[in-house]
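Colleague: test case, fold it:
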Amino acid sequence: MVAEASNLPESLIDLVHLTADYKSMLELVRKRDAVSAQVEGNESAKIMRESDMYPCIKALVRFTADAVEEAYRMPLQMPGRFKPLRRRIIAFDETDRTPGDADDSHRIDIGLKAENNILQEQSDEANRKNSIKILYSNMLAVVEVKNKLGHQNQAYAQLLKYSRNMYARQNSCRFVWGLTVCNSDFRICLLCNDRLISSASIDVVKEAGRRLLVTWLVNMSLCDEDKLGRDPTTYQNSKTGEWKIMVFDDGSEDLYKLFTIIDCMRTADRTFGRHTRCYRCIETDLSDDAERDSNNSAEQHNKREIFIKDTWAIVFRESDQKLRDEVSLLREINNKLKDNAELADKYPALVAGGAVKQVGKDGKYFEDSIDNVFSELGEDTMKQLTFRIHKRMAMSPIGEDIRSVKSVNELIIAAADIMEVHSAIRKSAAFFIETYLSTTCLSIAEPQKARKQCMK
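Modeller: Modelled structure (predicted):
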């Protein structure tokens, strides 16, 4: 759970640990003891309120961030120097608030965010003001606070509720970080497609516990973007503000194709599962990515619109990966129907598709799968995770939303087109019957007797 801890200079951890320890966590312990020592006989007075814990937790995060930043500003001569300081982890000012972009009324106790380029002066006033707002879209982790040690399961449940909005509001979110605080018991949590993974109890009353927590915060300041749960292949252009998405193509000599996202047609607003996202995009040349004007439309660039589906698909380790593989299925359907002029533009043609690739430390690409994302968690934890591979495919043309039909006649015409394509697939693509019928059905003919019964 404390990623890349072995690569951190011990001297940096010591420096941050001492700073954060005496300025923050001891204050939390003192406040807890002071509350517990109140007048006997008043049971409610002995319980520290959750809101009383907020300032101490925020102070720990702030002082850790300040200590890391100060360490990088000091001309220290340490072996190997430090890893690059990528960000500063701090808490939002507001606590016990509903984020402004939430689609529910759940209030989060504390939200953590990442400030990038902290060693440079920020010149964009609008960006500074926007970073103050508590939003799921710019949140790194949620801290759930309970004032009793026995409320751990309730804290986990709250984190799971919040994670749905983080997946939905962040296009590049692959997994979610969280932190539970039950009195002096801290636990670092990682929420992925199928479960919540929690660290062992971190008792901040003890020095060893405080050191573990500080180590995690320091790591979050120094690690690569993918360790934060973000997908480097879906990113925002710093100049135009446009979102870009890379689609890797298993059937082409080109490693990937780049697209500009126009609209998010479906968000990954689920706590668990495939976390499917769907985008309406336009093709983008790699050469002019940084030069495009964010206000230019698809028509102005004469680019065709593309539909992109992004999902974490379950793959059975022991079986052929082509089973239930949407990319392989669509590619074979395209090959079978490409010469049928009557069906042109009635079914999605695959533009590019395959498993998403990430770049390793050696500069080589590797498949984005659960095994590779969480490999540092250990063999026992990995056995509990469902094996998934990150898949992405780009298709064209894009049809209209079924809810846009204006009459019964339009709906009948659309249904007829669908049935025509499905029928052609069943007739001309024998591979479908043999390979995919066991897992996916487009249509099935009922027995004659059943049809007669339905007509009565």
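Colleague: Q158 looks like it's in a helix, true?
Modeller: Yes - under DSSP: H, G, I helix; E, B strand; the rest coil, Q158 sits within a helix.
Colleague: wait, it sits on E144?
Modeller: Yes - counting by CB atoms under 8 Å, E144 is a contact partner of Q158 at 4.6 Å. (Each C-beta comes from the backbone N, C-alpha and C, glycine too.)
Colleague: more neighbours: which of these two?
Modeller: The residue with more neighbours, out of Q158 and E144, is E144; 26 against 21, by other CB atoms under 10 Å.
Colleague: and the helix or strand hosting I418, what's buried?
Modeller: Under the criterion of DSSP states H and E, I418 resides in helix 408-428. Judged by neighbour count (16 or more other CB atoms under 10 Å), helix 408-428 contains these buried residues: I418, V421, A424, I425, R426.
Colleague: ditto for stretch 59-76
Modeller: Neighbour count says stretch 59-76 has 59-69, 71-72 buried, by 16+ other CB under 10 Å.
Colleague: returning to that earlier point: distance between the helix holding I418 and the chain's centre?
Modeller: Remark: helix 408-428 is offset 36 Å from the chain centroid, using CA atoms, centre = their mean, to the nearest Å.
Colleague: sorry, back to before: from the buried residues of stretch 59-76, which is closest to Q236?
Modeller: A65 (23.1 Å; CB to CB).
Colleague: and the strands in the stretch 301-450 of the chain?
Modeller: Assigned by DSSP state E, counting those that start in this stretch, the strands in the stretch 301-450 of the chain fall at 305-314, 349-355, 357-359, 365-367, 388-396.
Colleague: center of the protein - which residue?
Modeller: Using CA atoms, centre = their mean, the residue of the chain that lies closest to the mean C-alpha position is C173, 1.7 Å off.
Colleague: I'd say that residue and Y167 touch.
Modeller: Yes - using CB under 8 Å, C173 is in contact with Y167, at 5.3 Å.
Colleague: between these two, what contacts are shared?
Modeller: A268 (CB atoms under 8 Å, 6 or more residues apart in numbering).
Colleague: where in the chain is pLDDT low?
Modeller: Filtered on pLDDT under 70, the chain yields the residue ranges 1-47, 74-84, 117-132, 286-302, 317-324, 428-456.
Colleague: could you list every helix and strand in contact with the lengthiest helix in it?
Modeller: The residue-count maximum for a helix in the chain (DSSP state H) belongs to helix 50-73. Using 3 or more CB pairs under 8 Å, 6 or more residues apart in numbering; DSSP states H and E, the elements in contact with helix 50-73 are helix 10-20, helix 26-36, strand 87-91, strand 110-116, strand 141-146, helix 207-222.
Colleague: now that helix against strand 141-146, angle please.
Modeller: 140 degrees (axes from the mean of the first three to the mean of the last three CA atoms, to 10 degrees).
Colleague: before we move on, back to that, closest to D371 out of the buried residues of helix 408-428?
Modeller: I425 (33.2 Å).
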